[in-house]
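**Student:** Got a predicted model here, sequence first, then my questions.
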Amino acid sequence: MNIVIAMDSFKGSLSSLEAADAVREGILRAHPKACIMIRPLADGGEGTVDALIAGLGAERTEAEVSGPLGEPVSAIYGIKGDLAVMEMAAAAGLPLVTLEKRDGVSASTYGVGEMIAHALRRGCRRFVMGIGGSATTDGGMGMLQALGFSFLNSEGKEAGRGAAALGTVVSVSDEGVMPELREAEFSIACDVNNPLCGPRGAAFVYGPQKGLKTLESTDCDMASYARVCAAFTGRDMAQQAGAGAAGGLGFAFLTFTRASLHSGVDLVLDTVGIDEALAEADIAVTGEGRIDAQTAMGKAPGGVARRAKAHGCRVVAFAGSVTPDARAVNEQGIDAFFPIVRAPSTLEEALNKDNARSNLINTAEQVFRLL
């Protein structure tokens, strides 16, 4: 029996690889000679870098960079060969700013550029970048500034950082850009399709949660900035799906670098070689903290199921809990799913790491005794 395990994290309890290891232990109790391959799973958001570092055997790397409001931050990313795996949130994420200090006007992605520059100097030329959870609405200008681009105002001086500076930009210079950047390719995990500007743009849709109150003026400034960037590069990407992701960071990547946007789940699955593993498998095992109808609509276990079915695998899923509408996943490739909680318990008890691990081991064992 050849089995591939690709579990998403059970948030607040088990990481992707911890959950997968528990499933493996349960399977081996039932089938000691089973051939099992584990692949990390994430959707491009929080936890993606940790999963990829562990799953790829990448070097855990630390870069001292500027946080969203300029404070020093230790950003963690992974390196394997010339590949760097990163999350923009490590340098400019919303969790780095307390609720009362959120400032969508001043926050900058400068630290993201510093993190990329750190990897470029270490020889990385391929990047996998998750861009969820940003604290910024600066159109990615800060990231580009850290990589050597200059955004100049009418006086020929640097426009500054943050959304407040966008409307003052009248020209761009690339004279100071790191030469290594021209050799780099970026695969961006992006699961939103918002354009840069307008009612569905970065300012109006995501600005309020980042403390941005000047929605209309910032949107106008963003549009002005986008026009200047398009004139400089010859690429007008403002209306491209995903350009508004991470406060316009998607726009910056598409306009100024060799970048492509991908589903977060698919990008992670491609990076860890899930198709090569599934080609030899009879059964795929996946799961997450809660299985519901959304699992079938772009979430990580649904992505595993689609890939597995393309290779003719049966698919089993485990979850901490399931909702009444979870049956929708059966139509999308998950043959059967199983909640792991085995007795009445509080949420705190269910989330306890030892309890969750034990529940997952025991449930996997019983399911695979049947299989």
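**Tutor:** Right, received. Where do you want to start?
**Student:** how about the strands in this structure?
**Tutor:** With DSSP state E as the criterion, the chain has strands at 2-7, 35-38, 59-66, 72-80, 83-87, 126-130, 150-152, 171-173, 185-189, 258-262, 283-291, 314-322, 336-339.
**Student:** can you pull the contacts of Ile38?
**Tutor:** Val4, Ile5, Ala6, Leu17, Ala20, Asp21, Arg24, Gly55 (C-beta atoms under 8 Å, 6 or more residues apart in numbering). Placement of C-beta: from N, CA and C, glycine included.
**Student:** Provide the partner residues of it in its beta bridges.
**Tutor:** For Ile38, the beta-bridge partners under DSSP bridges are Ile5.
**Student:** related to what we said a few turns ago, let me have the strands of the chain in TSV, extended by distance to Pro179 and mean pLDDT.
**Tutor:** Converted to TSV, those look like this (distance: least, C-beta to C-beta, whole Å; pLDDT from 0 to 100):
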stretch	distance to Pro179	mean pLDDT
strand 2-7	38	97
strand 35-38	39	96
strand 59-66	20	97
strand 72-80	20	97
strand 83-87	17	96
strand 126-130	16	96
strand 150-152	16	98
strand 171-173	15	98
strand 185-189	15	96
strand 258-262	14	95
strand 283-291	42	95
strand 314-322	47	96
strand 336-339	51	97
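**Student:** gap between Gly248 and Glu87?
**Tutor:** Here the criterion is C-beta to C-beta, to the nearest Å. By it, Gly248 lies 17 Å from Glu87.
**Student:** who wins for proximity to Ile361 among the strands of the chain?
**Tutor:** Nearest of the strands of the chain to Ile361, taken as C-beta to C-beta: strand 314-322 at 10.4 Å.
**Student:** Any buried residues in that closest one, and which?
**Tutor:** Arg314, Val315, Val316, Ala317, Phe318, Ala319, Gly320, Val322 (16 or more other C-beta atoms under 10 Å).
**Student:** go on, stretch 253-265?
**Tutor:** Buried positions in stretch 253-265, judged by neighbour count with 16+ other C-beta under 10 Å: Phe253, Leu254, Thr255, Phe256, Thr257, Ala259, Leu261, His262, Ser263, Gly264, Val265.
**Student:** The lowest-mean-pLDDT helix or strand in the chain - contacts with which helices or strands?
**Tutor:** Each helix and strand of the chain was given a mean pLDDT (mean pLDDT, DSSP states H and E); the minimum falls on helix 48-56 at a mean of 87. Where contact means 3 or more C-beta pairs under 8 Å, 6 or more residues apart in numbering; DSSP states H and E, helix 48-56 is packed against helix 16-30, strand 72-80, strand 83-87, strand 126-130, helix 264-271.
**Student:** winner for burial among these?
**Tutor:** strand 83-87 (a mean of 27; mean count of other C-beta atoms under 10 Å).
**Student:** List the neighbouring strands of it plus their orientation.
**Tutor:** Strand 83-87 pairs in its sheet with strand 72-80 (antiparallel), strand 126-130 (parallel), by DSSP bridges.
**Student:** one step back: can you name the two of the buried residues of strand 314-322 that sit furthest apart?
**Tutor:** Within those, Arg314 and Gly320 form the most distant pair, 22.0 Å apart (C-beta to C-beta).
**Student:** circling back: dump the helices and strands packed on helix 48-56 to a markdown table, plus distance to Phe232.
**Tutor:** A markdown table is the format used below for the helices and strands packed on helix 48-56 (distance: least, C-beta to C-beta, whole Å):
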| stretch | distance to Phe232 |
| --- | --- |
| helix 16-30 | 41 |
| strand 72-80 | 28 |
| strand 83-87 | 25 |
| strand 126-130 | 22 |
| helix 264-271 | 28 |
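**Student:** mind listing what the most centrally placed residue in the chain touches?
**Tutor:** Taking C-alpha atoms, centre = their mean, the centroid of the chain lies closest to Gly44, which sits 2.1 Å from it. By C-beta under 8 Å, 6+ apart, the contact list for Gly44 reads Gly130, Ile131, Gly132, Ala189, Cys190, Asp191, Ser263, Gly264, Val265, Leu267, Val268.
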